[in-house]
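> sharing a model that was predicted from the sequence below.
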Amino acid sequence: MSHRPSRRTLLRNTLSGAFVLASAGPGAAAPARVALVYVREAGCPYCREWDAKIGPIYGKTAEARRAPIREIDKRDVPASGLTLARPVRYTPTFLLTRDDIELGRIEGYPGEDFFWARLDRLLELLPPE
(Lines give C-alpha, C1' and ligand atoms only; values in the text may rest on other atoms or scores of the structure.)
Protein backbone atom coordinates (compact mmCIF):
# COMPACT_ATOMS: atom_id res chain seq x y z
CA MET A 1 0.00 0.00 0.00
CA SER A 2 1.51 3.34 -1.02
CA HIS A 3 1.26 6.46 1.03
CA ARG A 4 -0.09 9.46 -0.84
CA PRO A 5 0.86 12.86 0.55
CA SER A 6 -2.00 15.14 1.52
CA ARG A 7 -2.90 18.19 -0.53
CA ARG A 8 -1.53 20.35 2.25
CA THR A 9 1.85 18.59 2.15
CA LEU A 10 2.01 18.86 -1.64
CA LEU A 11 1.23 22.57 -1.51
CA ARG A 12 3.79 23.20 1.25
CA ASN A 13 6.51 21.30 -0.65
CA THR A 14 5.70 23.09 -3.89
CA LEU A 15 5.79 26.50 -2.23
CA SER A 16 9.01 25.84 -0.33
CA GLY A 17 10.64 24.56 -3.53
CA ALA A 18 9.53 27.69 -5.36
CA PHE A 19 10.94 29.82 -2.55
CA VAL A 20 14.32 28.07 -2.77
CA LEU A 21 14.42 28.59 -6.53
CA ALA A 22 13.39 32.24 -6.25
CA SER A 23 15.84 33.05 -3.48
CA ALA A 24 18.74 31.28 -5.17
CA GLY A 25 18.29 33.33 -8.33
CA PRO A 26 20.37 32.93 -11.46
CA GLY A 27 23.98 33.44 -10.44
CA ALA A 28 25.02 35.91 -7.76
CA ALA A 29 23.18 37.03 -4.66
CA ALA A 30 21.31 40.31 -4.65
CA PRO A 31 23.47 43.34 -3.84
CA ALA A 32 23.33 44.73 -0.33
CA ARG A 33 21.08 47.71 0.26
CA VAL A 34 23.15 50.55 1.66
CA ALA A 35 21.59 53.75 2.98
CA LEU A 36 22.38 56.79 5.05
CA VAL A 37 19.37 56.95 7.34
CA TYR A 38 18.72 60.53 8.43
CA VAL A 39 16.86 60.48 11.74
CA ARG A 40 15.18 63.82 12.27
CA GLU A 41 12.68 65.42 14.60
CA ALA A 42 10.21 68.27 14.12
CA GLY A 43 11.52 71.51 15.58
CA CYS A 44 15.18 70.38 15.60
CA PRO A 45 17.30 73.46 14.73
CA TYR A 46 20.28 71.30 13.70
CA CYS A 47 18.06 69.32 11.35
CA ARG A 48 16.90 72.59 9.76
CA GLU A 49 20.53 73.67 9.33
CA TRP A 50 21.45 70.33 7.68
CA ASP A 51 18.35 70.59 5.47
CA ALA A 52 19.42 74.07 4.34
CA LYS A 53 23.13 73.47 3.80
CA ILE A 54 23.59 69.78 2.93
CA GLY A 55 20.13 68.52 1.97
CA PRO A 56 19.93 70.26 -1.43
CA ILE A 57 23.32 68.95 -2.59
CA TYR A 58 23.60 65.53 -0.94
CA GLY A 59 21.73 63.69 -3.69
CA LYS A 60 24.18 65.00 -6.32
CA THR A 61 27.31 63.65 -4.61
CA ALA A 62 29.43 60.52 -4.91
CA GLU A 63 28.57 59.83 -1.26
CA ALA A 64 24.87 59.70 -2.17
CA ARG A 65 25.58 57.19 -4.92
CA ARG A 66 27.20 54.90 -2.33
CA ALA A 67 24.68 55.60 0.44
CA PRO A 68 21.39 57.14 -0.71
CA ILE A 69 19.61 59.17 1.95
CA ARG A 70 16.57 57.73 3.71
CA GLU A 71 14.74 60.10 6.05
CA ILE A 72 12.88 58.87 9.08
CA ASP A 73 11.26 60.63 12.02
CA LYS A 74 12.81 59.81 15.38
CA ARG A 75 9.52 58.52 16.78
CA ASP A 76 9.28 56.03 13.88
CA VAL A 77 12.68 54.42 14.49
CA PRO A 78 11.39 51.56 16.69
CA ALA A 79 8.94 50.43 13.98
CA SER A 80 11.38 50.96 11.08
CA GLY A 81 12.87 47.46 11.06
CA LEU A 82 16.38 48.81 11.56
CA THR A 83 18.86 46.86 13.68
CA LEU A 84 20.72 49.47 15.72
CA ALA A 85 23.84 49.27 17.88
CA ARG A 86 22.09 51.48 20.44
CA PRO A 87 18.98 53.68 20.57
CA VAL A 88 18.87 57.03 18.76
CA ARG A 89 18.86 59.78 21.38
CA TYR A 90 19.82 62.92 19.43
CA THR A 91 18.72 64.57 16.23
CA PRO A 92 19.91 64.65 13.69
CA THR A 93 21.52 61.24 13.72
CA PHE A 94 22.86 59.75 10.49
CA LEU A 95 23.02 55.95 10.44
CA LEU A 96 25.03 54.16 7.80
CA THR A 97 23.13 50.92 7.21
CA ARG A 98 23.61 47.85 5.09
CA ASP A 99 20.51 45.69 4.70
CA ASP A 100 18.93 47.74 7.54
CA ILE A 101 21.75 46.90 9.98
CA GLU A 102 23.68 49.81 11.45
CA LEU A 103 27.35 49.94 10.54
CA GLY A 104 28.08 53.30 12.15
CA ARG A 105 26.61 56.71 12.92
CA ILE A 106 27.09 60.43 13.12
CA GLU A 107 25.27 61.97 16.05
CA GLY A 108 24.36 65.62 15.66
CA TYR A 109 25.26 68.02 12.89
CA PRO A 110 28.80 69.33 13.48
CA GLY A 111 28.76 71.76 10.52
CA GLU A 112 29.44 71.23 6.82
CA ASP A 113 33.17 70.48 6.94
CA PHE A 114 32.97 68.08 9.86
CA PHE A 115 29.88 66.36 8.44
CA TRP A 116 31.61 65.50 5.14
CA ALA A 117 34.78 64.34 6.92
CA ARG A 118 32.84 62.14 9.34
CA LEU A 119 30.71 60.76 6.49
CA ASP A 120 33.85 59.85 4.54
CA ARG A 121 35.11 57.91 7.58
CA LEU A 122 31.77 56.12 7.85
CA LEU A 123 31.80 55.16 4.18
CA GLU A 124 35.17 53.47 4.72
CA LEU A 125 33.20 50.79 6.60
CA LEU A 126 31.68 49.67 3.30
CA PRO A 127 33.44 47.18 1.04
CA PRO A 128 35.14 48.74 -2.00
CA GLU A 129 32.89 49.30 -4.97
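Structure received.
> C-alpha only now, for contacts and for neighbours.
Noted.
> gap between the residue nearest to residue 119 when sequence neighbours are not counted and residue 94?
Nearest non-adjacent residue to residue 119, counting by C-alpha to C-alpha, 6 or more residues apart in numbering: residue 106, 7.6 Å away. Look at residue 106 and residue 94: by C-alpha to C-alpha, to the nearest Å, they are 5 Å apart.
> and for residue 105?
Shown here: residue 105 relative to residue 94, a distance of 5 Å by C-alpha to C-alpha.
> go on, residue 68?
From residue 68 over to residue 94 (counting by C-alpha to C-alpha), the distance is 12 Å.
> more neighbours: which of these two?
Legend: neighbour count by other C-alpha atoms under 10 Å for residue 68 and residue 94, higher for residue 94 (26 against 18).
> for the more buried one, name its beta-bridge partners.
residue 38, residue 106 (DSSP bridges).
> contact partners for it?
Residues in contact with residue 94 (C-alpha atoms under 8 Å, 6 or more residues apart in numbering) are 36-39, 105-108.
> let's go with 7 Å and repeat that
Residue 94 makes contacts with 36-39, 105-107, as judged by C-alpha atoms under 7 Å, 6 or more residues apart in numbering.
> now residue 93
Contact partners of residue 93, counting by C-alpha under 7 Å, 6+ apart, are 38-40, 105-108.
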